[in-house]
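> model this:
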Amino acid sequence: VKEHPILALDMQTMLEVARMEFTGVKPNIPMMKKKIDFYNQQIDSHDADLGINCGSSKQCVEYLQKYIDPAITSSSSGVLTAYDSDPRVVKIIESKMYRTRRGLMVSMSDTNLHPWDNRIHPTFNQLLNTGRFACKEPNMQQIPKDIKNSVYMSSDDTIIFDTDYAAVELRLCSVADNDEEFLHGYQQNIDQHYATAAKLFDKKIPKTHEEKVDAEENPNTVFVNKWQRGFGKTANFSLIYGCHWTSFVAMIQASRQSDMTEQQIIEMYNKFFDIHKGVRDTIERAKNIFMYGEDKKITRWVRFKNGTLHKMENKVVPFFTTCKTLLGRILTVDTERKLMNFPVQGSGSDTIKLAICRMGHITRKENTQYNTINIVHDDAIGESYYKHFDRSSEVFRSSMEWAVNFILRRKFYTPVNQDFCVLSLLGEEIFLEEAFTLKDIDTKLVERIQELVENSNNEEDPEKKTNLIIEANRVHKLLEKFRDKVKDLPSYSA
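Down below sits the predicted model:
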């Protein structure tokens, strides 16, 4: 392990991925069918309103040229975002999104269920260039975060839960680029988006509720408001990867609340790199490497289908170089963008691999009935039996935090933020944030019922009021079933 840590990690990860493929995922077929029907209705409605097939790029471009801007030559997401202030463009964007999600839902429908256990068993492959995973049959890594609780379905004896890192790539970037500002922020446990916005706008970070209210209501406030924090978040997650100033201007101007001029945004762009010198130096180093790099001429042998070998002399190979992740994984890159992205993204994939390997090791050693069922970049989904849920949740979260600290060589002593939630309970969809134990699940369900009842009492629209009451009754029945299921478990009765 000491001599070849990457090889040891990948070999152990293969075993965990094999277990993950064998366990499979039980999809929520009834909910997905409802989603497919909803997407079909929305697609038909948008197509009828616009008079075109929004799934056709040719028809979209012709429509945009005729009604929006004659200079438009593409219907890509980047082009559409620049014109999303027009409601017709918004409908095209939504229609494309609904088509993508419908295709995902259809690929996870009944036809792909295994006859033995009625579960989906996707295939995961490790990508050699970044160390990340690719998934097929179906692609479980395309599930958007806002609908994942509608995709996974637990059995009557298990709970499905999910945790993902909050802005872990920014934490990894701070060490990979040796950026003093980011390092200082993490060592002091400061919100990095607030910190960036405070430096860009020359304001203070609000620390109390009164200061946050003042930031939103007082136009002459000295504190950062929510929009400015969002500006800082956009800057952090785009500029650390070398986003060009033209793209950055387009992103900020696409925000409908922005009244900044192009010159003001460019000044902020330059100011960011004056503040984060480590990020700036890394980007400049990558640009210089490819600016002065030369293509290579090599001799290679090619085997044709008939078995004969052909010698190709002076074959021109585009310039490439190598980089390393924080764990030491060597990656080959052929563009400056990859040279800026891959060390951070590769470190992120190494982190999640370490986490699932540690989870599997501890749970098998303790004979805890837990399985990892899916991985999406820095997001892991697990399934556990009720009697082992409390321990599985603890191991799940501690393994994620341990993996980051191991990769960063204990650079920080501040907690790693994670978003933990329960996705499915007793075969029904639910979304309960920070429900770490069975007692937490009980408390969150009670709070959800109270919230739904309160909202229904305040709702004036009869249809919405009825829907809230129906949902409150559903959650109440779920709570009763849950209590009946766990009443004899020691971790709950205690």
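> quick one, helices of the stretch 101-250 of the chain?
Applying DSSP state H, counting those that start in this stretch to the stretch 101-250 of the chain gives helices spanning 168-176, 180-187, 192-201, 209-217, 226-239, 245-254.
> now tabulate these in a markdown table and tack on distance to Asp440, mean pLDDT and mean neighbour count.
Any C-beta I mention is one placed from the backbone N, CA and C, and that applies to glycine too. A markdown table is the format used below for the helices of the stretch 101-250 of the chain (distance: least, CB to CB, whole Å; pLDDT from 0 to 100; neighbours: other CB atoms under 10 Å):
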| stretch | distance to Asp440 | mean pLDDT | mean neighbour count |
| --- | --- | --- | --- |
| helix 168-176 | 24 | 88 | 24 |
| helix 180-187 | 28 | 88 | 17 |
| helix 192-201 | 28 | 92 | 21 |
| helix 209-217 | 25 | 88 | 13 |
| helix 226-239 | 28 | 90 | 19 |
| helix 245-254 | 38 | 82 | 16 |
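> export those helices to TSV and tack on distance to Asp274?
Putting these into TSV (distance: least, CB to CB, whole Å) gives the following:
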stretch	distance to Asp274
helix 168-176	17
helix 180-187	10
helix 192-201	9
helix 209-217	24
helix 226-239	12
helix 245-254	14
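> Ser76: which of those is closest?
helix 245-254 (12.5 Å; CB to CB).
> what's the helix or strand just after that closest one packed up against?
Moving toward the C-terminus from helix 245-254, the next helix or strand (DSSP states H and E) is helix 262-275. Under the contact criterion of 3 or more CB pairs under 8 Å, 6 or more residues apart in numbering; DSSP states H and E, helix 262-275 touches helix 192-201, helix 226-239, helix 245-254, helix 277-292.
> now do the buried residues in helix 262-275.
Buried residues in helix 262-275, defined by neighbour count with 16 or more other CB atoms under 10 Å: Ile265, Met268, Tyr269, Phe272, Ile275.
> that older thread, which one of the helices of the stretch 101-250 of the chain lies closest to Pro490?
Closest to Pro490 of the helices of the stretch 101-250 of the chain is helix 168-176 (CB to CB; 34.5 Å).
> okay, the angle between the closest one and helix 226-239?
Helix 168-176 and helix 226-239 are oriented at 60 degrees to each other (axes from the mean of the first three to the mean of the last three CA atoms, to 10 degrees).
> list of residues touching helix 168-176?
Defining contact as CB atoms under 8 Å, 6 or more residues apart in numbering, one finds that helix 168-176 is touched by 179, 182-183, 185-186, 192, 236-237, 240, 278-279, 282, 326, 343-345, 347-348, 351, 378, 404, 407-408, 411-412, 416.
> right, and the helix or strand after the longest helix belonging to the chain?
Counting by DSSP state H, the longest helix found in the chain is helix 336-365. Following helix 336-365 in sequence order, the next helix or strand is strand 370-376 (DSSP H and E).
> packing partners for that next one?
helix 5-23, helix 336-365, strand 379-385, helix 389-407.
> for that strand, which strands pair with it and how are they oriented?
Here strand 370-376 is paired, per DSSP bridges, with strand 379-385 (antiparallel).
> now do the partner strand: distance to the chain's middle.
16 Å (CA atoms, centre = their mean, to the nearest Å).
> just the residues contacting it, thanks.
Contacts with strand 379-385, where a contact means CB under 8 Å, 6+ apart, come from 23, 145, 148, 152, 154, 157-165, 352, 355-356, 359, 368-375, 392-393, 396, 400, 423.
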